[in-house]
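Peer 1: need a 3D model of the following:
(chains A and B)
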Number of protein chains: 2
Amino acid sequence: MSRTEEEPPEAPPERRAGRRTGRRPGSEDTRGRILGAAREAFGEGGYGGTSIRGVAARAGVDAALVHHYFGSKQQLFLAASTFPVDPAEMVPRMLAGPREQMGERVVRTVVGLWDRPDVRPLLLGIVRSATTDPVAAGMARQMLAEGPFLALARAVDLPDAEIRATLAGTQLIGLAISRYVIGLEPIASMSADDLAAAVGPTIGRYLAGDVRLTTGGERG
Amino acid sequence: MSRTEEEPPEAPPERRAGRRTGRRPGSEDTRGRILGAAREAFGEGGYGGTSIRGVAARAGVDAALVHHYFGSKQQLFLAASTFPVDPAEMVPRMLAGPREQMGERVVRTVVGLWDRPDVRPLLLGIVRSATTDPVAAGMARQMLAEGPFLALARAVDLPDAEIRATLAGTQLIGLAISRYVIGLEPIASMSADDLAAAVGPTIGRYLAGDVRLTTGGERG
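Peer 2: Prediction:
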């Protein structure tokens, strides 16, 4: 989830020293090819349906090399789930503009992320894995509870930012799973504009509108 | 998904004949125990994480007996995903009462289904499997696109019933996955009353309110 790259756990000292002054292009290519293959594999089969051996075959390298660069399957999954963009950087753009259209901007941003070819396999991998694997479930929880939706809810500055952010998260993860994972029609074929128009008001209400909770009276 | 029980595919003729006049209690118990074990196993591990051998061990029978009663793993999954209640029978109750509270009644009904001990493992099994298995994904699509939400949207009798029903489906599947599968807090701990109050208006708008689509102008 963070963009910090981990040191290969079994890298010998001379390799560690070498990396400080620049890695050879060949090993960087190999590492990147393994990472790309891992993203594809996790994206298609989820954590449970992916093996180090399968990733190695896909990348055209020996399984020992995958272990050398990334350690365990779990460490490989963590590395493959590192976002090429920082979602926090998208928050100001979603906040800018008329408040009553913020929900539409959020839907457009989420759909835009899923439509990026360098992001979709990674999100598919997390979602496909989160339903059965505890590590991936933790990533999904963190993404929904502590990610950009919470930053938005806090910026709006109404009570219950955590509830508001996670309510928005339930709608957006449900939309993404319906559209990109199970292929629910007509949701899967609708344009980003139509989705923003239809679902945007939901996100707007959760983050910045009238959310009633029976236990605490009216909010917002 | 339907409540029709399939004939065991490899049942010998004398067994088929016997079933017409009533099965021995012993075999009925065994079949039911295997089915219960299968629901638990699919509910915990999804389709990919479940084996006939594992189900047999859980039920305390030989794997050959599971094959005898249910055939393949896919046929076992279909049998284990048979609802003990017909969701269509819940539609009149969700429609009854003030229209502006229909969304809350729908949320309460869905949460109530997930909270039934004889239904939750089955829904968990479908959801955990739907992210990686095509058969389970088809079940999830059918449940969301042709199930009770479409019946509700059709009863409301506004344009775009299919879009309205599946929009409601995206919110409700996202709520269920957040609450029951990945354990997103505070959603996972909120009362059914609070969820109905917070999410009900979303479902009400999708099914019976103002849903704008850019391509077709305003609807509803």
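
Peer 1: pull the number of nearby residues for the residue of chain A at minimum distance from chain B.
Peer 2: Per Cβ to the nearest Cβ, residue A:174 is where chain A lies closest to chain B, at 2.0 Å. Placement of C-beta: from N, CA and C, glycine included. Neighbour count for residue A:174, taken as other Cβ atoms under 10 Å in any protein chain shown: 26.

Peer 1: hang on, residue A:88 in a helix?
Peer 2: Yes - judged by DSSP: H, G, I helix; E, B strand; the rest coil, residue A:88 forms part of a helix.

Peer 1: that one contacts residue A:149, doesn't it?
Peer 2: No - in this structure residue A:88 lies outside contact range of residue A:149 using Cβ atoms under 8 Å: 11.2 Å.

Peer 1: of those two, which one has the most company?
Peer 2: Remark: of residue A:88 and residue A:149, residue A:149 carries more neighbours, 29 against 10, as counted by other Cβ under 10 Å.

Peer 1: residues in contact with that one?
Peer 2: A:106, A:165, A:166, A:168, A:169, A:172, A:207 (Cβ atoms under 8 Å, 6 or more residues apart in numbering or on different chains).

Peer 1: what do you get if the cut-off is 10 Å, keeping everything else the same?
Peer 2: The contact partners of residue A:149, by Cβ atoms under 10 Å, 6 or more residues apart in numbering or on different chains, come to A:87, A:91, A:94, A:106, A:110, A:143, A:161-162, A:164-169, A:171-172, A:203, A:206-207.

Peer 1: any idea how far the residue positioned nearest the centre of chain A is from residue A:177?
Peer 2: Chain A has residue A:123 as the residue nearest its centroid, 4.5 Å off, counting by Cα atoms, centre = their mean. In this view, residue A:123 and residue A:177 are 10 Å apart by Cβ to Cβ, to the nearest Å.

Peer 1: cool, residue A:61 as well?
Peer 2: 32 Å.

Peer 1: those two: who's more crowded?
Peer 2: Under the criterion of other Cβ under 10 Å, the comparison of residue A:61 against residue A:177 puts residue A:177 first, with 26 against 18.

Peer 1: just checking, the more buried one touches residue B:172?
Peer 2: No - Residue A:177 lies out of contact with residue B:172 (Cβ atoms under 10 Å); the separation is 11.5 Å.

Peer 1: quick revisit: for the residue nearest to the centre of chain A, which non-adjacent residue is spatially closest?
Peer 2: Among residues not flanking residue A:123 along the chain, residue A:114 sits closest, at 6.0 Å (Cβ to Cβ, 6 or more residues apart in numbering or on different chains).

Peer 1: secondary structure element for the one you found?
Peer 2: Following DSSP states H and E, the helix or strand that holds residue A:114 is helix A:102-115.

Peer 1: buried set for that helix?
Peer 2: By neighbour count on 16 or more other Cβ atoms under 10 Å in any protein chain shown, the buried set for helix A:102-115 is A:102, A:103, A:104, A:105, A:106, A:107, A:108, A:109, A:110, A:111, A:113, A:114.

Peer 1: try stretch A:39-51
Peer 2: The neighbour-count check on stretch A:39-51 (16+ other Cβ under 10 Å) flags A:39, A:40, A:41, A:42, A:43, A:44, A:45, A:46, A:47, A:48, A:49, A:50 as buried.

Peer 1: what's the answer for stretch A:137-145, then?
Peer 2: By 16+ other Cβ under 10 Å, the buried positions in stretch A:137-145 come out as A:137, A:139, A:140, A:141, A:143, A:144, A:145.

Peer 1: the first one and residue B:120: what is the separation?
Peer 2: It stands for residue A:137. Per Cβ to Cβ, residue A:137 is found 17 Å from residue B:120.

Peer 1: ok so, going back, my read: the residue of chain A closest to chain B touches residue B:181, true?
Peer 2: No - using Cβ under 10 Å, residue A:174 is not in contact with residue B:181; the gap is 11.4 Å.

Peer 1: contacting residues for the residue nearest to residue A:123?
Peer 2: Contacts of residue A:114 (Cβ under 10 Å, 6+ apart): A:120, A:123, A:124, A:127, A:172, A:175, A:176, A:179, A:180, A:192.

Peer 1: how about the nearest residue to residue A:111, chain neighbours excluded?
Peer 2: Per Cβ to Cβ, 6+ apart, closest to residue A:111 is residue A:192, 4.5 Å.

Peer 1: number of residues surrounding residue A:100?
Peer 2: Residue A:100 has 12 nearby residues by other Cβ under 10 Å.

Peer 1: my guess is it contacts residue A:203. True?
Peer 2: No - Residue A:100 is beyond contact range of residue A:203, at 11.6 Å (criterion: Cβ under 10 Å).

Peer 1: what touches both of those two?
Peer 2: Common neighbours of residue A:100 and residue A:203 (Cβ under 10 Å, 6+ apart) are residue A:209.

Peer 1: in chain A, what residue spans correspond to helices?
Peer 2: A:13-20, A:25-45, A:52-59, A:63-70, A:73-80, A:91-95, A:102-115, A:120-130, A:134-146, A:148-156, A:161-176, A:192-208 (DSSP state H).

Peer 1: least reliable of those helices by average pLDDT, please.
Peer 2: For those, mean pLDDT drops lowest on helix A:13-20, to a mean of 39.

Peer 1: what sits against residue A:207?
Peer 2: Contacts of residue A:207 (Cβ under 10 Å, 6+ apart): A:94, A:99, A:102-103, A:106, A:149-150, A:152-156, A:158, A:161, A:164-165, A:167-168, A:220.

Peer 1: try it again at 8 Å.
Peer 2: Residue A:207 touches A:102, A:103, A:106, A:149, A:152, A:153, A:156, A:164, A:165, A:168, counting by Cβ under 8 Å, 6+ apart.

Peer 1: with residue A:50 instead?
Peer 2: Residue A:50 makes contact with A:38, A:41, A:42, A:73, A:77, according to Cβ under 8 Å, 6+ apart.

Peer 1: tally of neighbours for the residue lying closest to the first one once chain neighbours are set aside?
Peer 2: Just to be clear, that refers to residue A:38. Using Cβ to Cβ, 6+ apart and skipping the chain neighbours, the partner closest in space to residue A:38 is residue A:80 (4.1 Å). When neighbours are defined as other Cβ under 10 Å, residue A:80 has 24 of them.

Peer 1: from residue A:31, how far out is residue A:80?
Peer 2: Taking Cβ to Cβ, one finds residue A:80 at 12 Å from residue A:31.

Peer 1: repeat that for residue A:142.
Peer 2: 25 Å.

Peer 1: which phi and psi values does residue A:61 adopt?
Peer 2: Main-chain torsions, residue A:61, degrees, to the nearest 10: phi -130, psi 170.
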